[in-house]
Each structure stands twice: as structure tokens, then as C-alpha cells.
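1. Quick one, structure for this:
(2 chains)
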Amino acid sequence: MMTQASDLTVLKLNQSVKRTLQSAFPEPVWIRGIVTGLRRVSGRGHTYFQLADISEPGEQSPAVADCALFAGDRSRIAIEAGRQAKLFELENDVEVRILVSVSFWDRSGRFQLIMKGFDADFAGDSSAVLLQRLIQQLEKEGVLRENGTFPFPEVPLNIGLVTSRGSAAEKDFVKTLDESGYPFRVYAAWATMQGSETSDSVCGAFNRLMVNVGGSKLDAVVLTRGGGSATDLAWFNNETIARTIAQLPWPVISAIGHEIDTTLPDHAAHTRAKTPTHAASILVDTVARFDDKVSILNRSLVSSVSPRIQMENLKIGNLAGNLTLYLASLPKRKSEVLHKLASKLNMSVMAELHRQDSLISEAEKQVEIRDPKKMLKLGWAVVRNTDGFPLRTISAINEGQTIKISMDKGWLAAVVKEKVND
Amino acid sequence: MTEEMTYSQMLTELQTIVDSVSRDHCPVDELEEKVQRAGQLIKTLRERLKKTETSVSEMLTEIDG
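-> Here you go, the predicted structure:
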């Protein structure tokens, strides 16, 4: 490409920008915004800060502009305020209304607002009011409740840690975990914990935990830093950090500053801890409670099983005792039965014998009664023919017939001389 | 099988065993098996809780902190 005579140098371009700005803003203008990053450069007494718009909920990062208040202007403004019995003071996180001239440094290409005046009557929103407004908005959207819906893990041993490397917060936190004797695993993702990079750095650290450790491996994540000035801690009152916490897959413990400090992550997190040490204690206590639970279950197992075993032993003992007694009594019982059976048998046999005996006696009597010898003894005689056949009636006998007459103690043969019928 | 279980899973199983042996109708032959299992769970839980050393690993990619 050909070099053109009309090509600008950087300086020329900058000078042109400067002239354009000067013509657009020939006079100082009133502007309002939040003072941040206030610092005074010692020596000359100049003051530098940034003026930022109040960030509305949902807005990513507010617009900012570099400002300078030169020592001369500073004392003039202070004197003017003093004349009206007002106090002139610039403070971080306070909304101010100031008069500025728009300037552009052609050598550095830097845009800067030069503070020329201060509205001492302007009552801007303090940062606390702004924070409150942000909290209300996030609360309404449900952002602050999101992380709290996680059940806090029963055994939080795998912990993500977001803090600044080598800080007292890190040391206090890890020391407290270590002293507990429980096998904590800490996955540290270092972050810048103050200044304008805080939000990006903290969200980046959360992201590294997500990518490098994974969503399911961690039980909880701790976001912590030690105490500091309100300005230092105010970097956490950041909407992006709160929204990121709401989207994390683990419960977050927020421990930023000291007991008295409350920052936005404290509201967005699952649990708020007062200090880094307290955050570690919450984890240690949770694991200790689990440990106790195991011990209690152990005792309860022993106490419910031992009586049960004793009872079963007793049952077995009783059964064994009963059986022994039964077995011991068995022969006796058996012989008793036999004895009874035998005697019963004996008795029936005897009765039978007796009955038979009576029958025989009776028969004998009957026989005896009918014995002809007995009749003969009484003087009766029996007549028979010679064959021995008894002749019972006269008609069976003929005259001249030989008959045999049986009598007591003998018999005689006779011949029938005469027969007379009755 | 205990090796792959999480603490909470083991605790739940332990709790169930303790509940069931506390009731009188648990058959005695199951009792032995259950008590043995409970003992194993308690031992594993204790062991895992008593490894003592806190380990810190750093997530170093894109580190700027």
C-alpha cells in the first residue's frame, strides 16, 4: 500500500481527538457516579480515582472513567465547601455529583476527567443502600436462594478452595482442617481477592474447579479471604460473583473478612462463615458429627444384638434343660407304663382264669348231678339189655328176656318172669 | 463391595442393619450375617475417616491469582 501524505501520526490523531473533545465539551460538565479506587499520590497531593455508574441488576459491569483531582483544585474546592459550612470529602463507594472538564492527554492517548467542582448538597446513595438494592433484586430473582437448596453433604472431605495463594486465610483454613485429623482433600484454585479483578478472578477460579476437578468430585467449595478494609471487601459485592455462585453444582461456604463483615457472596452462598477458620470448623464439625453417628450406630448395634444373643442363648439353654429332664425321665416313665400294662394284663388273665374256673366248676356240678352212680346210691337201679342199652319203659321189655340191672356197688343178671303194665 | 460405596451409602446401609437387628423378629441365622456386615461397614468408615493427612492440590491452569 502506498504511503499517503495525509497519513496521521499517533500524536496527530490524538491531538485531533483532543480538539474534537474540547469542542464537544468546551465547558466543565456535572456528572454523577460512584467513587472507586480512590488513591492519593503523595508528594504533589494529587488525587486519582475512578467514577463508575451505579450498576443496575442484570448489567454486567458498569461504565467507568478515570478522574483526577489536582492538589490546587482540591484545596480550592475544600475552601469553597468550608465557606458554606459543608464538608468536602471523597470516599470510595459513595455516589457523588462533581463538575469535571473532559480532557485527553495527546501524548499518552489517555482520557481523563479533571475534577473542578463538588456538589456538597448532593446526597447520593451510599454503597450500603446500593448493595441493599442489589440484594433485594437478586433475592427477587431467586439468585440468592439457589445455592442454599443443596443439601449440605454429610461427609464433606473433598473441598474446593478459592482464596489468594499463600494468604493467611489459606493457612488458617488448611491448618484447621489438618488439625482435625480427618482426611480432607483440598483442591485450591487461587484468585485475586481484592481490586477490580476480583470478580473475573474468583469466577475463573470456580470455573477451574469445575473443569479440573469436575462437578461430582467436590463435596463443597469455600470462598474465603481474611479481614480488610470495607473498600477491600466491597469488591465482593459484585453481581457476577453472586450469579456464578448460584450456578455452581456444589454448596458454597462464604467466609469473607471478619465476623462483622457481610458481603454479597455471604447472601448467595449456602452457608456463611465468619472467618476462614470458622469455614474450616464447619466442615470439621460436620465430619465429626458423621463420625459420632457411626460410633452411636456401633454402640446401638452391640446393645441391640447382645441382649438378643443372650435371649437366644437362654432359649437354647431352656430347651436343652427341658430335653435333658425329659430324657432322664424316659426309662422310668417307660417301665411305669410297662408295669401298668403288665399288671393290667395280669389282672385280666387272672379274671379270665377265674371265670374259666367257675365255668368248669359249674359244669362239674352239673355233671356230678347227672352221674348215674349218684342215683344208684340213692337206691335207684338201671335196667339195660345184654348189649348194655338202657331200657327206659316196660314196653321195651319182654317176658323171658335176660336183663342186666345196675345197682349201687354192682349189677345182676335177671330173667323177666312177669310183666305188668301200669 | 464396600470399597466403591460412598460414606453416605455405607451409613445408610449401617442404619438399616441396626434398625433390622433391633427388631426382635430378625431370624438368628440372619443376625450373624448382618452383624458381620455392620462390623465391616463400621471398620471401613472408621478407616476412611482416620487417614489424618490433609492434602492440598492446586488447580493451576490459567492461574492468575
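2. all helices of the stretch 301-422 of chain A, in order?
-> In order along the chain, the stretch 301-422 of chain A carries the following helices (DSSP state H, counting those that start in this stretch): A:372-377.
3. Residues of it that sit close to chain B?
-> A:301, A:304-305, A:308-309, A:312 (CB under 8 Å from any CB of the partner chain). Bear in mind the C-beta positions are built from the backbone N, C-alpha and C, glycine included.
4. what separates residue B:53 from residue A:163, distance-wise?
-> Counting by CB to CB, to the nearest Å, the separation of residue B:53 from residue A:163 is 20 Å.
5. neighbour-wise, which of those two wins?
-> Counted by other CB atoms under 10 Å in any protein chain shown, residue B:53 and residue A:163 do not tie: residue A:163 has more neighbours, with 30 against 10.
6. rewinding a little: I'd like to know which of the residues of the stretch 301-422 of chain A next to chain B is nearest to chain B.
-> Nearest to chain B, judged by CB to the nearest CB, of these is residue A:304 at 4.1 Å.
7. so who does the closest one touch?
-> Residues near residue A:304 by CB atoms under 8 Å, 6 or more residues apart in numbering or on different chains: B:18, B:21-22.
8. Show the pLDDT at it.
-> Looking at residue A:304, its pLDDT reads 80.
9. restrict the contacts of residue A:304 to contacts with chain A.
-> Judged by CB under 8 Å from any CB, the overlap between the contacts of residue A:304 and the neighbourhood of chain A comprises B:18, B:21-22.
10. Give me the secondary structure label for residue A:34.
-> strand (DSSP: H, G, I helix; E, B strand; the rest coil).
11. So for it, what's the nearest residue that isn't a sequence neighbour?
-> What sits nearest to residue A:34 in space, not counting adjacent residues and going by CB to CB, 6 or more residues apart in numbering or on different chains, is residue A:52, at 4.8 Å.
12. That neighbour against residue A:64, yeah?
-> Yes. Here residue A:52 lies in contact with residue A:64, judged by CB atoms under 8 Å, at a distance of 4.5 Å.
13. Strands along chain B, start to end?
-> Along chain B, the segments classed as strands by DSSP state E run B:55-58.
14. before we move on, the earlier item: mind giving me the ChimeraX command for buried ones among the ones next to chain A among the contacts of residue A:304?
-> Selecting the buried subset of the ones next to chain A among the contacts of residue A:304 in ChimeraX, with 16 or more other CB atoms under 10 Å in any protein chain shown as the burial test, is done by:
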select /B:18,21
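15. re earlier: and the residue nearest to residue A:34, what does it touch?
-> Applying CB under 8 Å, 6+ apart, one finds that residue A:52 lies in contact with A:33-34, A:36, A:62-64.
16. Now for residue 25, how many residues are close by?
-> If you meant another chain, say so; for now it's chain A. Residue A:25 sits with 14 neighbouring residues when counted by other CB under 10 Å.
17. right idea, wrong chain: chain B
-> Neighbouring residues of residue B:25 were enumerated by other CB under 10 Å; the total is 5.
18. How about residue A:343?
-> Using other CB under 10 Å, residue A:343 has 10 other residues around it.
19. how about JSON lines for the ones next to chain A among the contacts of residue A:304, with pLDDT added?
-> Formatted as JSON lines, the ones next to chain A among the contacts of residue A:304 follow (pLDDT from 0 to 100):
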{"residue": "B:18", "pLDDT": "82"}
{"residue": "B:21", "pLDDT": "76"}
{"residue": "B:22", "pLDDT": "71"}
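20. Narrow the ones next to chain A among the contacts of residue A:304 to those in helices?
-> If you go by DSSP state H, the ones next to chain A among the contacts of residue A:304 have B:18, B:21-22 in helices.
21. Closest to chain A out of those?
-> Top of the list for closeness to chain A, among these and by CB to the nearest CB, is residue B:22 at 4.1 Å.
22. near chain B, anything from stretch A:238-247?
-> No. Contact between stretch A:238-247 and chain B, assessed by CB under 8 Å from any CB, is absent, since the two come no nearer than 14.4 Å.
23. avg pLDDT for that stretch?
-> The predicted model assigns stretch A:238-247 a mean pLDDT of 93.
24. List the contacts of that stretch.
-> With contact meaning CB under 8 Å, 6+ apart, stretch A:238-247 is reached by A:55, A:57-61, A:134, A:138, A:143-144, A:146-147, A:198-199, A:202-203, A:206, A:223, A:252, A:254, A:264-265, A:267-269.
25. List only buried entries from those residues.
-> Neighbour-count burial (16+ other CB under 10 Å) is assigned, among these, to A:55, A:57, A:134, A:138, A:143-144, A:146-147, A:198-199, A:202-203, A:206, A:223, A:252, A:254, A:264-265, A:267-269.
26. quick one: which of those sit in strands?
-> Residues of the buried ones among the contacts of stretch A:238-247 located in strands (DSSP E): A:223, A:252, A:254.
27. and the closest residue to residue A:231 other than its chain neighbours, how far is that from chain B?
-> With CB to CB, 6+ apart as the measure, residue A:92 is the residue that lies nearest to residue A:231, at 4.5 Å, once sequence neighbours are left out. When distance is defined by CB to the nearest CB, to the nearest Å, residue A:92 is 23 Å away from chain B.
28. In terms of helices and strands, where is residue A:92?
-> Following DSSP states H and E, one finds residue A:92 outside all helices and strands.
29. swap in the one 5 residues further on?
-> Assigned by DSSP H and E, residue A:97 falls within strand A:95-105.
30. What strands line up against that strand, and which way round?
-> For strand A:95-105, sheet partners with direction are given as strand A:29-41 (antiparallel), strand A:110-118 (antiparallel), following DSSP bridges.
31. What residues of that strand count as buried?
-> Of all the residues in strand A:95-105, those buried under the rule 16+ other CB under 10 Å are A:95-104.
32. Quick one: distance of that strand to the chain centre.
-> 60 Å (CA atoms, centre = their mean, to the nearest Å).
33. Flag the shaky bits of the chain, pLDDT-wise.
-> If you meant another chain, say so; for now it's chain A. Within chain A, the stretches falling below the threshold (pLDDT under 70) are A:1-3, A:42, A:55-60, A:123-127, A:330, A:333-334, A:365-372.
34. ah, I was thinking of chain B
-> When the per-residue scores of chain B are filtered using pLDDT under 70, the ranges that remain are B:1-3, B:24, B:28, B:52, B:60-65.
35. Helices of that one, start to end?
-> Taking DSSP H as the criterion, chain B carries its helices at B:7-22, B:28-49.
36. Output those helices in JSON lines; the columns should cover distance to residue A:192.
-> Rendered in JSON lines, the data for the helices of chain B read as follows (distance: least, CB to CB, whole Å):
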{"stretch": "helix B:7-22", "distance to residue A:192": "34"}
{"stretch": "helix B:28-49", "distance to residue A:192": "35"}
